[in-house]
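A.B. asks: predicted coordinates and the sequence they were generated for:
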Amino acid sequence: MGIIDYIEAKNRERVMKARVEDASKVGIGVLMGLVIGGAAGVLYAPKAGEETRKDLAKKAQETTDKVKAGAQDAIDRAAEYRDELQSKVTAIGPAIESGLSAAQKSLDDNEKSIKEKVEKVGESAGKTADDAKEAAKEVKDSAKDTAKKAGDAAKKEYKKEEDKNTK
């Protein structure tokens, strides 16, 4: 939700910027047309000088008013676009923070789980080592007892044989 909305917002921003640039180009073209048309009208007008000056002043005032109105309209649209974009960024901010918080919590949980598993494996390995030591001791003790019994039995048999031979 967050990244897709951000990308779409950036795309709308790019489109809006292109529209504003196109509108300004059209405005400049209209202004140039008015200036050129006004100049041509003055040059070819069959009116008297004072009347032409009044017409020129009137046209200049009309053109100035149109340019001011167009500029104000562009400023208003830019302000609306800025406000819209700011509200979208404000709306996206908590979602991004929430996503980052969830990701951090997941990482923390995974770290804790891994530590617990490592500790369990360590405990299990320690227990297995202790069990192996104990089993080895039992085998050693058993081997000692068996060797002692075998030695005692061998001595007993040797003594029997020796007694037989001496008699």
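C.D. replies: Thanks, I have the structure now. Residues are numbered from 1 along each chain as shown.
A.B. asks: quick one: the strands in this structure?
C.D. replies: Taking DSSP state E, the chain contains no strands at all.
A.B. asks: so where's the longest helix in it?
C.D. replies: Taking DSSP state H as the assignment, the helix of the chain that covers the most residues is helix 49-166.
A.B. asks: quick check, pLDDT for residue 61.
C.D. replies: The predicted local distance difference test score for residue 61 is 89.
A.B. asks: do the same with residue 80
C.D. replies: We have a pLDDT of 90 for residue 80.
A.B. asks: can you tell me how far it is from residue 86?
C.D. replies: Residue 80 sits 11 Å away from residue 86 when distances are taken as Cβ to Cβ, to the nearest Å. Glycine gets a C-beta too; all of them are placed from N, C-alpha and C.
A.B. asks: low-confidence ranges in this structure?
C.D. replies: Low-confidence segments of the chain (pLDDT under 70): 1, 42, 45-47, 167.
A.B. asks: number of nearby residues for residue 12?
C.D. replies: Close neighbours of residue 12, defined as other Cβ atoms under 10 Å, add up to 14.
A.B. asks: where's it relative to residue 151, distance?
C.D. replies: Relative to residue 151, and taking Cβ to Cβ, residue 12 is found at 97 Å.
A.B. asks: also residue 81?
C.D. replies: Taking Cβ to Cβ as the measure, residue 81 falls 102 Å from residue 151.
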